[in-house]
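Peer 1: below: sequence and its predicted model.
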Amino acid sequence: MQSSQIAPRANLAGWLYVSPLVLVLVPFFVAPILVVLAASFFATDGFGGLTPGFTLSNYIEVLHSALTLKLYIATVKFTVLTWIFTLIIGFFVAYFLVFHVRNQLLAIGLFLLCTVPFWTSNIIRMISWIPLLGKEGLINQALLATGAIHQPLEVLLFSDLAVVIAYVHQLTIFMIVPIFNSMARIDKKLIEAAVDAGASRFDIMRLIVVPMSKSGIALGTIFVVSIVMGDFFVVKVMSGGGSASVVSAFYEDVGVLQYPTAAASAVLLTLVLIAIVSLILRTVDIRQEIAR
Amino acid sequence: MAIERGDIELAGLCKSFDGVTNVVDGVNLKIADGAYCCFIGPSGCGKTTILRMIAGHEDPTAGEIVIDGQNVVGLAPAQRRTAMMFQAYALFPHLTARENIAFALRVRGMSKADRLRAADAMIEKVRLTSFADRLPAQLSGGQQQRVALARAAITEPRVLLLDEPLSALDEQLRVQMRQELRRMQQQLGITFIHVTHTQLEAIALADLVVVMEQGRIKQAGPARDVYAHPHDRYVAEFMGGQNVLSGRVEKVNGASFVMTQAAPDGIEVPFQARAKICVGDTVDIAVRRDDVTLVRPGQTLPVGCSTSLPSRVLAIEYQGYFVKVMLDAVPDHEFVAYVPEKTFFADPLNVGDVVLATWATDRARPLA
Amino acid sequence: MSAMIADMQRAVVPATNKAIAPSRGGRPWTFYALSSLFALYVLALYGPMICIYILSFQDIRGGLVFPMKGHSLHWFVDLFTQVRTGDVKGSFDRSIKLAVIVTIITVVISFLAGLGFRRRFTGDAVVFYMMIGSLVAPGLVLGLGTGLLFQALGLNASWYTSALGAQLSWTLPFGVLVMFAVMSRYNRAWDEAAYDLGASRWQTIWLVIVPVLAPGIVAVALFGFTLSYDEFARSLQTAGSLNTLPLEIWSMTLNVTSPSLYALGTVTTIISFIVIGVSLGTIVLIQKKRGGQAKG
């Protein structure tokens, strides 16, 4: 239905209902983004003061810096690795819950079991890696005790591996939820018809479940990608300062009051994120999927 | 307190959703106070739209809806003193049957004690007293329907509108609940407007049957009129029970004419003098299915029959007290005879048998 | 759908004995494989946290790693009584207060927005993408922007103004998305029935929509509370001079030296679990009262 055909009364009603939402989002989302955008064109006095003006020097500085490229490569590396693992684990956990657990109540209970850690503090979950992955942690102790290794593995904590482990641990739930949602919507009769036609379980997964979970996968990917690319503290803590991400560098810039360069870097990241998210949204109509 | 009348007049009623096609196209109709009126037609014919316009859930694009002399277009449903019973009932899932029924009184500000008492009185009328505390999910289809009826009736409307009230029920329950509806209507003494797509339901319940097609009324009248004397091919075929034959008029003899094409020997059809039938006209005639007698070739035709159509039996369906025999008398069209059970089994037919289909001459009627 | 079936018929090698047979009692091998994966996942999910909880009960000799030394509530006492650089009790109070405010605002605004989005209206796509954008934007960037904005306007950043707004920009999209999912199960005929019986718009919302959607609203409240209580990135630059609990924890992690941090972790998790338990319990109770209604 064309928007020109929507009665003005319906329009007014719609806007009245969403106006509180808009009234919060404009000052706390739209305005800050615009402020950051503006700040990226300003100059600074080095002490946190901003002189309004228009200069592209910040962008030039950011784009020419070799550091920028390195940061993006590192961030993208983390993003891709995290995405792969969260997708695989998330898909199969969702598949298990939807298709192998027969009791619906049990399935929902197990699903909730997976989501509960999400409700607890991120930061606590990060420090909780120390007793597990550290040099004197449980894993190392266990491996030493069984004689599998002779020196404690240092690579488990404060390394890139630790960063990915932490990301996957934190973000798999973001894959499970939308994929679970998509899978649960698949009409069981489709599966029965496929079984009737002689399809094997693998075929069913390949030809029915995967295509019909596409929107869930897309939604989960958006979450994972945007969170990893926007993260600064997981990478900082879990790598022990050894690695950095785009946003952690941004955090450092802000720390030394280099607002304009930080802002330029932020704008750049936002553009990249928008590009990625738009690409993903092309593959599926999210609005219809959510609002259905 | 003035006695409210629920007579309805629809004048020039039109409705279009997209500005291009009219879903309801110029409907004019008068419904008497206290009548049971059924709208019937295929999906998309506009019957539900008309119902919703009378109820106040849609606004007409043009035309008037007059109830008891008052044009109600633009008024909210509660202001019109109408109430609607929704398809699939739309009972509030979080309220008990009693609370559902009391809802209309609650929104009018009646005190809790008063409204629950009134609801209980209503529950008595629909005979659901022992189920009053159940939630809709705990009620059967028939019980839910009674709750929906009570919920609508408690506001003492002058017109009650029912949107396919029986279609959610299974066959046996449907027949039972039909009588419940009729009983309620007579007890309440108000106008009922009932939309359905089941012909037998409409003719069982209604004082006034309105047959619709594509937004227009094709025929409106008492059930017997519409069923036994359809005005045109569409109504005849839709209501069922009729065979429709087409042909060209060959001869006109005073009070009857002879038509060929359907039968090479000609079919003699009596007609009313005021209908203008001339030689060469194309006409449709209707013969009721239960007026058709089947005889084996060579047997004498019953008294009063002048026509016989030789045909082959295509299919036979046992329907209890009659047997439905489908014949190929008319190419590309259905021709069906309802043969009384005893008659059929005295000399059973088989698929492929050749028979003569015949009927008393005065039982054929021309259609408008 | 028929195309899919046709595809499959072409692709499939007859292997009927491996097909899913829901009526048969036996389980295919993949069930065991997947359930092991699931068990491992849950273990990995809870494992690290459980280590912390256990270690927080050490006595005064306790260190940061296993093996565990003794058991006592020493570190819990230490957490709340030791005067240290940092203000656990204060930030804890602030976090709870802020979370409650955020919850209430999120529930009301998300509910209204959910109602608004039931029908299309001009510009609804703009609002929708604004919401998604707010969800996806890096918290730190928004935090900076908000901080600068307040600075430019000459306002002081504080936990109950700028941090409140910043947290709302995070919780509202979640709340609205949950409302979307819940609204799609709502039958519009109930609205019409209420209108037919004479209810005003407000009465319909209060007497029909809210009670029917109550479990969903509780879910939104759950999201609102926990997302606010644990929110870090956006609060970092908008909280002003007084910290919320996550910010407090953050400054403590930068110099992790004793298990009192673990004790803090245990306490804050217990709070979260209580909130979750109450919310889920409420939802289950409501569903039970509805009796036999299909789970939402």
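Peer 2: Arrived safely. Numbering: from 1, shown residues only, chains lettered A, B, ... in the order given.

Peer 1: so who does the closest residue to residue B:134 other than its chain neighbours touch?
Peer 2: Leaving aside its chain neighbours, residue B:134 sits nearest to residue B:97 (5.6 Å; criterion: CB to CB, 6 or more residues apart in numbering or on different chains). In short, each C-beta sits where N, CA and C put it, glycine included. Taking CB atoms under 8 Å, 6 or more residues apart in numbering or on different chains, we find residue B:97 in contact with B:123, B:128, B:131, B:132, B:133, B:134, B:135, B:136, B:139, B:143, B:147.

Peer 1: the second one touches residue B:149, doesn't it?
Peer 2: When you say that, I think you mean residue B:128. No - applying CB atoms under 8 Å as the test, residue B:128 and residue B:149 come out as separate, 10.0 Å apart.

Peer 1: of these two, who's got more company?
Peer 2: residue B:149 (26 against 21; other CB atoms under 10 Å in any protein chain shown).

Peer 1: and residue B:178, which helix or strand is it part of?
Peer 2: Element membership of residue B:178 [criterion: DSSP states H and E] is helix B:171-188.

Peer 1: check residue C:287 too.
Peer 2: Using DSSP H and E, residue C:287 falls in helix C:260-290.

Peer 1: so which helix or strand takes in the closest residue to residue C:47 other than its chain neighbours?
Peer 2: Take residue C:47 and drop its neighbours on the chain: the residue closest to it by CB to CB, 6+ apart is residue A:132, 6.7 Å away. Per DSSP H and E, residue A:132 falls inside helix A:130-133.

Peer 1: surely residue B:37 is within a strand?
Peer 2: Yes - assessed with DSSP: H, G, I helix; E, B strand; the rest coil, residue B:37 lies in a strand.

Peer 1: look up how far residue B:52 lies from the residue lying closest to it once chain neighbours are set aside.
Peer 2: Nearest-residue entry for residue B:37: residue B:208, 4.3 Å, with adjacent residues in sequence omitted and distances by CB to CB, 6+ apart. According to CB to CB, to the nearest Å, residue B:208 stands 19 Å off from residue B:52.

Peer 1: for residue B:326, same thing?
Peer 2: Between residue B:326 and residue B:52 the computed distance is 38 Å (CB to CB).

Peer 1: which other residues reach the helix holding residue B:178?
Peer 2: B:36, B:125-126, B:141-142, B:145-146, B:149, B:153, B:160, B:162, B:165-166, B:169, B:192, B:194, B:201, B:204-205.

Peer 1: same check on stretch B:98-116?
Peer 2: So stretch B:98-116 is contacted by B:83, B:91-92, B:95, B:118-120, B:122-123, B:132-133, B:136, B:147, B:150-151, B:154-155, C:194, C:197-200, C:203, C:207 (CB under 8 Å, 6+ apart).

Peer 1: can we see that at 6 Å?
Peer 2: Outside stretch B:98-116, the residues within contact range by CB atoms under 6 Å, 6 or more residues apart in numbering or on different chains are B:91-92, B:118-119, B:122, B:132, B:147, B:150-151, B:154-155, C:197-199, C:203.

Peer 1: buried residues, it. List them.
Peer 2: For stretch B:98-116, the neighbour count (16 or more other CB atoms under 10 Å in any protein chain shown) marks B:98, B:99, B:100, B:101, B:102, B:103, B:104, B:105, B:106, B:107, B:115, B:116 as buried.

Peer 1: quick one: mark the members of the residues you listed that sit in helices.
Peer 2: Assigned to helices by DSSP state H, the following of these qualify: B:98, B:99, B:100, B:101, B:102, B:103, B:104, B:105, B:106, B:107, B:115, B:116.

Peer 1: Serialize these to a markdown table and add fields for pLDDT.
Peer 2: A markdown table is the format used below for these (pLDDT from 0 to 100):
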| residue | pLDDT |
| --- | --- |
| B:98 | 94 |
| B:99 | 94 |
| B:100 | 95 |
| B:101 | 95 |
| B:102 | 95 |
| B:103 | 95 |
| B:104 | 94 |
| B:105 | 94 |
| B:106 | 94 |
| B:107 | 94 |
| B:115 | 93 |
| B:116 | 93 |
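
Peer 1: just the residues contacting stretch B:323-337, thanks.
Peer 2: Against stretch B:323-337 from outside (CB under 6 Å, 6+ apart): B:243, B:289, B:292, B:294, B:309, B:311-312, B:314-317, B:339, B:344, B:357.

Peer 1: farthest pair in the residues you listed?
Peer 2: Greatest spatial distance in these: B:309 and B:317, 19.9 Å, computed using CB to CB.

Peer 1: out of the two, which sits in the more crowded spot?
Peer 2: residue B:309 (23 against 10).

Peer 1: isn't the more buried one right next to residue B:357, touching?
Peer 2: Yes - here residue B:309 lies in contact with residue B:357, judged by CB atoms under 6 Å, at a distance of 4.5 Å.

Peer 1: please name the nearest non-neighbouring residue to residue B:156.
Peer 2: If the residues on either side of it in the chain are set aside, residue B:156 comes closest to residue B:81, at 7.8 Å by CB to CB, 6+ apart.

Peer 1: sweet, I'm off.
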